[in-house]
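Participant: pasting a predicted model and its sequence here:
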Amino acid sequence: MFFTLENCLILSVILFSIGCYGVLTKRNILVILMSIELMLNAVNLSFISFNYFNYNMMNGEEMGHFFVLVIIAIAAAEAAVGLAILVALFRNRDSADIEKLVEMKW
Amino acid sequence: MQFQAIYPGSLLVAAAILVLMAQSFVKGEKKLTISLIISLIGVILAIFFTFKLFGVNESFYENALRVDDFGVFLSLVALIGTALTILISAGYLKKVKSYYTEYYALILLAACGMVFLTISGDLITFLIGLEIMSISIYILAGFNRESKKSNEAAMKYFILGAFSTGFLLFGMSMVYGATGEIVISEIGKAEKSAGMLIGLGLMLVGFLFKIGAVPFQNWVPDVYEGAPTPITAFMAAGVKTAGFAAFVRIILIAFQNCGEEWHTILQVIAVLSMIVGNVVAISQRNIKRLLAYSSIAHTGYMLLAFAAAKSDPNMASSSILFYLFTYTFTVIGAFGILIYSGRENLDDFAGFAHQKRFMGIAMTVFFFSLAGIPSTAGFMGKLFIFMTAIDQKLYWASVIGIITSMISVFYYLRVVVYLYMKPEVTRAAPLTDWNVAIASAVSVIGVFVLGLIPQSVIQLILTTYQSMLQ
């Protein structure tokens, strides 16, 4: 059977790692924002699969699902603010390259 | 009955909405005055209703909110920090001629997030409080839209903040998977398991980022330097207070069965934070940046007390609470004077104390308090922390802490030397601004009251850990 808790969690960890890799290595801020979304969605997957496989939803143990709804709302708010900051940044610099953010160091 | 738990938060939101509405009725400079008055009234009412929550010690809304003395005390500290921030912001906005009153609304919303963060009883409330606070601060950090530095600070803070939130959430999902619970006190009843430990590790990453401890400290100096100065003060005082509130509560209550693991990790991180913060601060010429590195060091001191929590959690959490209270007054006062003088570089401060005598004295008091000179609040805070650490036999960590704290005296006193003993640079004296002056006066009084007669505060604090367990 392919559809098990282990496999779902492995998928979630893989997605999380891809997101992590994207944040750490990509240069374009838009790609970084997408990678962050990917990390949050990996978290959603893990919450859902824990809730689905381990706890009885008929019994009132559906907190994992609530948590996912909250995370989706928060991810939306975060993306909105992130894009707004990016727009302000782009107007000043004409570039969305993270390696050019060197106004301040040490 | 349960409404009383959300009065402070709701009042702050109501004040924020009023500030946003008020700007369609008044124009120009009046807008700033009206928003200032509305937000101050909102915060003071919130402080009043928070006071009334002392001694309640109950859970509300199906355990979503846990109102106990610990959370209420830290809400109070965060709200005092907010009130002082609003006062110094008034001076700042007038100086940079910015008429965007959304600024006050965002500060109030961030304060609302802090209040809910400090009294959160389950992981969902905790997450929502954290995000309300963080998202408002991301925007505030980039508030000077024309300034490249401010943009850069906001972007760096946002990316790293969202990144660390990802880790925090993944940790929460592991804890949820291991225990099936999201209520913090219920998680604490679960046995130690692999899932709990993975969750602990991932959540520690998120927390240590928020409070700016060493492996995750790189954003601190850049964001502190680039953000508008009052927001820097707000981050150093309010965000750190709220972050520590949630950190202490979750680690001490939810992970009480995993004690051995986090005890050692926190000790190492505390030592590294103290060393990095204090040593790198020596070479800084920009005072905002200097205070950023010093804030990393102060986080290290608090984590040192936290590392002692294994056998005596009461003393550990008490000394962290007291330190946060002293640090709020000290750091907001120091940033307030940076705003008042309109300077940031150390060289520009040469002879400042001769131009503005009282402000010079106030700045000396704040830097003495940061350095931990006796009779100031900073001394009592450090005494409390190192006493706790030595009682719990963390000798090496305490010795390193005391040595680095001596190093820190050098760069704090250098600022005072510049204030008094360097020849005056010919710069126009800053205009008198009463809001900043009031905030500085309150902070000076706070520093001396906590430094000379701290008994009643300490007595209050010593009972907070018990209230968390009830």
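Facilitator: All right, it came through fine.

Participant: residue numbers of the stretch 151-300 of chain B in contact with chain A?
Facilitator: B:151-156, B:158-159, B:162-163, B:165-166, B:169-170, B:172-174, B:176-177, B:180-182, B:221-222, B:225-226 (CB under 8 Å from any CB of the partner chain). Backbone N, C-alpha and C define where each C-beta goes, glycine included.

Participant: so which of the residues you listed are in helices?
Facilitator: Applying DSSP state H to these, the entries found in helices are B:151-156, B:158-159, B:162-163, B:165-166, B:169-170, B:172-174, B:176-177, B:221-222, B:225-226.

Participant: got a ChimeraX select line for the buried ones in these?
Facilitator: The following ChimeraX line selects those of these that are buried, judged by 16 or more other CB atoms under 10 Å in any protein chain shown:
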select /B:151,152,153,154,155,156,158,159,162,163,165,166,169,170,172,173,174,176,177,221,222,225,226
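
Participant: just the strands in the stretch 51-200 of chain B please.
Facilitator: Along the stretch 51-200 of chain B, counting by DSSP state E, counting those that start in this stretch, strands occupy B:58-60, B:65-67.

Participant: tell me the most buried of those?
Facilitator: strand B:65-67 (a mean of 24; mean count of other CB atoms under 10 Å in any protein chain shown).

Participant: give me the contacts around it.
Facilitator: Strand B:65-67 is contacted by residues B:5-6, B:53, B:56-60, B:116, B:119-121, B:125, B:184-185, B:249, B:468 when judged by CB atoms under 8 Å, 6 or more residues apart in numbering or on different chains.

Participant: phi, psi of B:Ile282?
Facilitator: B:Ile282 adopts backbone torsions of phi -60, psi -40, taken as degrees, to the nearest 10.

Participant: and it, how far from B:Ser405?
Facilitator: Applying CB to CB, to the nearest Å, the value for B:Ile282 to B:Ser405 is 13 Å.

Participant: of those two, which one has the most company?
Facilitator: B:Ser405 (21 against 13; other CB atoms under 10 Å in any protein chain shown).

Participant: give the contact list for the more buried one.
Facilitator: B:274, B:278, B:297, B:301, B:371-372, B:382.

Participant: quick one: which of those residues sit in helices?
Facilitator: B:274, B:278, B:297, B:301, B:371, B:382.

Participant: any idea how far the residue in the stretch 201-350 of chain B that chain A sits nearest to is from A:Lys105?
Facilitator: Going by CB to the nearest CB, chain A is nearest to B:Asp222 of the stretch 201-350 of chain B, at 4.8 Å. Distance, B:Asp222 to A:Lys105, using CB to CB: 7 Å.

Participant: now do A:Leu86
Facilitator: For A:Leu86 relative to A:Lys105 (CB to CB), the value is 21 Å.

Participant: these two - which one has more neighbours?
Facilitator: Using other CB under 10 Å as the criterion, A:Leu86 and A:Lys105 rank with A:Leu86 on top: 20 against 9.

Participant: my guess is that one contacts A:Ala96. True?
Facilitator: Yes. Using CB atoms under 8 Å, A:Leu86 is in contact with A:Ala96, at 6.5 Å.

Participant: any common contacting residues for those two?
Facilitator: A:29-30.

Participant: what average pLDDT does the one helix or strand B:Phe209 maps to get?
Facilitator: Assigned by DSSP states H and E, B:Phe209 belongs to helix B:194-211. Mean pLDDT, computed over helix B:194-211, is 91.

Participant: repeat that for stretch A:87-99.
Facilitator: pLDDT averaged over stretch A:87-99 gives 87.

Participant: in it, what counts as buried?
Facilitator: Result for stretch A:87-99 [16+ other CB under 10 Å]: buried residues A:88-89, A:96, A:98.

Participant: again, but for stretch B:210-217
Facilitator: For stretch B:210-217, using 16+ other CB under 10 Å, the buried residues are B:210-214, B:216-217.

Participant: how far does that stretch stretch from one end to the other?
Facilitator: Terminal residues of stretch B:210-217 lie 9 Å apart, using CA to CA, to the nearest Å.

Participant: just flag the most distant two among the buried residues of stretch A:87-99.
Facilitator: Spatial extent of the buried residues of stretch A:87-99 (CB to CB) is set by the pair A:Ala88 and A:Ile98 at 15.1 Å.
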